[in-house]
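>>> This is a predicted model, with the sequence first.
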Amino acid sequence: MTDKLLILDEKEVHWFPRHISELDLIANRTLVAGVDLMSEDHPGFHDKEYRRRRDDLSMKAQNHRWDQPIPRIEYTPEETDVWTAVWDKMEGLWEKFACQEFLRALELMKHHCGYSRTQIPQQEISKFLQRRTNFRMRPVAGLLSSRDFLNGLAFRVFFSTQYMRHHSHPLYTPEPDLVHEFCGHAPMFADQSFADFSQEIGLASLGASDEDIEKLARCYWHSVEFGLCRQGGENKAYGAGLLSSYGELEYACSEDHPGADKPPEIKPWNPEVAAHQEFPITTYQPTYFLAESLEDVKIQMRRYCEELPRPFFAQHNVQTDTIHIDRPVFRAKGVPQNKAR
């Protein structure tokens, strides 16, 4: 017997998923599904056929469940032509400005996933990533909140749109589309350091305060979306926002920075600084963060996450796809409503 007994009261935290099946509860809580499409500035605003197509693909994503195969989409010749136009524009720029990890993964995905200028890959991407790094793709109808999106990364799940940008502007999109997801994000998740680093952000987001979610979202933006790393004495892109944008990729990585009045500011990768760095959404980034390597990105991000005032420390059990935490908590705030199946 002992007279020293420590009793830990359950702490109330923001709701977070404990098992991968609970991602079903947040996957359809899209913030702006169709909002950009409702703006007259959107290229597809007046195109009724395009809007119907988007509605159909959104419904397919909303009906998806965690234990079901990703639905195969029959992309139209017009959508495939858009894919080809982007591929032809980006291929040479990737060779020049993309990081080696991206280029290696792209070659593998050409073989294993059917990546090519005339074919849009689909379920094969997720299956390939699961074999490589245990990451997987999950269809989503539109943008999620930062909290919901980052929570998915904790399970090594990337929420991905399946719709194509409007054919009238093949090299422009006001929102993430399948080109951004499949050409920008997917190849990077085939790299172990990048996949681990992404999950670090996701695990730190579980139960985090709103303030810390905002910090983590900024770190994500300045790395996963627009990160640079140093390779062979040159700045190379690993961020999806760069790898899927011909204009900004060249602007960020080339020495003459075409398309802007002044060159961007390049800061050394530091999550503490990135967490407070504001950013624009509709223009080229005025500031990029440059890491020594993807391993450097991961190590610094892990250190930053460990120093956050987290309500608990979480680990992902790969075998059971369950989150284990080191203390009792009460998931109280923001509990999503279950949806009919």
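Nice, thanks for sending it over.

>>> Where does the prediction get shaky in this structure?
For the chain, applying pLDDT under 70 flags the ranges 1-9, 32-38, 40, 259, 333-341.

>>> what comes up buried for the longest helix along the chain?
Counting residues, the longest helix found in the chain (DSSP state H) is helix 77-97. By neighbour count with 16 or more other C-beta atoms under 10 Å, helix 77-97 contains the buried residues 79, 82, 83, 84, 86, 87, 90, 93, 94, 97. C-beta coordinates here come from the backbone N, C-alpha and C atoms, glycine included.

>>> In CSV, list those along with distance to residue 282.
Shown next, in CSV, are these (distance: C-beta to C-beta, whole Å):
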residue, distance to residue 282
79, 24
82, 21
83, 23
84, 26
86, 19
87, 24
90, 20
93, 21
94, 24
97, 22
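
>>> Which single one of these is nearest to residue 61?
Nearest to residue 61 among the buried residues of helix 77-97: residue 79, at 15.8 Å, using C-beta to C-beta.

>>> and the residue lying closest to the closest one once chain neighbours are set aside, how many neighbours?
Distance criterion C-beta to C-beta, 6 or more residues apart in numbering; nearest residue to residue 79, sequence neighbours excluded, is residue 164 at 4.3 Å. Using other C-beta atoms under 10 Å, residue 164 has 27 neighbouring residues.

>>> what about residue 164, which SS state?
Using DSSP: H, G, I helix; E, B strand; the rest coil, the structure places residue 164 in coil.

>>> for it, what are its contacts?
The neighbours of residue 164, taking C-beta atoms under 8 Å, 6 or more residues apart in numbering as the test, are 75, 79, 82, 83, 177, 178, 179.

>>> Between those, which sits nearest residue 168?
Closest approach to residue 168 among those (C-beta to C-beta): residue 82, at 9.5 Å.

>>> I'd like to know how far that closest one sits from residue 305.
38 Å (C-beta to C-beta, to the nearest Å).

>>> what's the answer for residue 172, then?
For residue 172, the distance to residue 305 - C-beta to C-beta - is 35 Å.

>>> which of the two has more neighbours?
residue 305 (22 against 13).

>>> can I assume that one is in contact with residue 202?
No. The pair residue 305 and residue 202 does not pass the contact test of C-beta atoms under 8 Å, sitting 9.8 Å apart.
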